[in-house]
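Trainee: Here you go, sequence then predicted model.
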Amino acid sequence: MQGHPTPLRHSLVVAVAGIAIAFAPLGAQSGGKAKVLTPPKPRDTTSAPRASAASAPAAAAPSARPAAVPQSPVLDSIREVVFHNLLEKDRAGFSTFASAFCLNLSTDDFKKASTSQDRADPPEGMVRRLATPRTPARRASTCTFTPNASGRSVAGRALLYTVGAIDLSAGDRAEAAAGYNYDGYSSGGYTFNVERSDSGWVVKQWRMEWTAKSASP
């Protein structure tokens, strides 16, 4: 009879209804779509050091630019008279061995050995006035210096003369620092006291501050 369902159809209807009831709460919670839950990604421990290094201040790196050597006609006049005294009097004692006489400027006080890198060539006009057949002076940048290798001959090296810091606080008197380096074999520092006269600046006295000799010529 059509008005009464058979036992088999009744069982199917009941089963389907039960399945619908069982899944209805899950559909209601998920808004009709199943959610996929994924575990959190592990912490990236490699990115933090890179970010820290990138954010380090650039000022931490040492500057490669040397300090400027002061320039003025008065300073150059004092430098020239000190260079002249060094060359003519052979204060270093190596003029008979030297293959080149190299002139240099710096801001060092030469009270002790220094590795200061604030260097500059003197003006070309000054170098020409100081050059003589006995001491053919030239700018330090045109000289070649070589390592002080064991067994190397003492003769034939470049003799570097440097005029450093100049103190003009006494008016017509000044104190000028100077130094020499015989291509790594020997080096030393001086203090020159100069005075202004009618003919220009003249050296009144000088003293050796220190001297050193390489252990292996």
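Mentor: Received, thanks. Numbering: from 1, shown residues only.

Trainee: Now for the nearest residue to residue 130 once chain neighbours are set aside, how many residues are close by?
Mentor: Computed as CB to CB, 6 or more residues apart in numbering, the closest residue to residue 130 that is not its neighbour in sequence is residue 137, at 4.7 Å. Where C-beta positions appear, they are placed from N, C-alpha and C, glycine not excepted. Neighbour count for residue 137, taken as other CB atoms under 10 Å: 23.

Trainee: give the contact list for residue 137.
Mentor: 83, 87, 101, 102, 103, 127, 130, 131 (CB atoms under 8 Å, 6 or more residues apart in numbering).

Trainee: Excluding chain neighbours, give the residue nearest to residue 106 in space.
Mentor: Closest to residue 106 by CB to CB, 6+ apart is residue 164, at 4.7 Å.

Trainee: Find me the pLDDT at the one you found, would you?
Mentor: According to the prediction, residue 164 has pLDDT 96.

Trainee: re earlier: list the beta-bridge partners for the residue nearest to residue 130.
Mentor: Residue 137 has these beta-bridge partners by DSSP bridges: residue 101.

Trainee: Retrieve the pLDDT associated with it.
Mentor: If you check residue 137, the pLDDT there is 97.

Trainee: so residue 85, which of the three states?
Mentor: The three-state label given to residue 85 by DSSP: H, G, I helix; E, B strand; the rest coil is helix.

Trainee: Would you confirm that residue 74 belongs to a helix?
Mentor: Yes: assigned with three-state DSSP, residue 74 falls within a helix.

Trainee: Next, count neighbours for it.
Mentor: Number of residues near residue 74 (other CB under 10 Å) recorded here: 12.

Trainee: got the contact list for it?
Mentor: By CB under 8 Å, 6+ apart, the contact list for residue 74 reads residue 168.

Trainee: what's the answer for residue 134, then?
Mentor: Contacts here follow CB under 8 Å, 6+ apart; on that basis residue 134 touches residue 95.

Trainee: before we move on, back to that, show me which of the contacts of residue 137 is closest to residue 205.
Mentor: Closest approach to residue 205 among the contacts of residue 137 (CB to CB): residue 83, at 16.8 Å.

Trainee: check which helix or strand covers the residue nearest to residue 106.
Mentor: strand 158-167 (DSSP states H and E).

Trainee: Can you work out which other helices and strands pack against that strand?
Mentor: Contact analysis of strand 158-167 by 3 or more CB pairs under 8 Å, 6 or more residues apart in numbering; DSSP states H and E lists helix 73-89, strand 100-106, strand 173-182 as its packing neighbours.

Trainee: Residue 144 is nearest to which of the ones you listed?
Mentor: Nearest to residue 144, of all the helices and strands packed on strand 158-167, is strand 100-106, at 7.9 Å by CB to CB.

Trainee: Quick check, residue 180 in contact with residue 159.
Mentor: Yes: at 6.7 Å, residue 180 counts as touching residue 159 under the criterion of CB atoms under 8 Å.

Trainee: Apart from its neighbours in sequence, what residue is nearest residue 172?
Mentor: Closest to residue 172 by CB to CB, 6+ apart is residue 196, at 4.2 Å.

Trainee: for that neighbour, which residues make a bridge with it?
Mentor: Residue 196 forms beta bridges with residue 201, as assigned by DSSP bridges.
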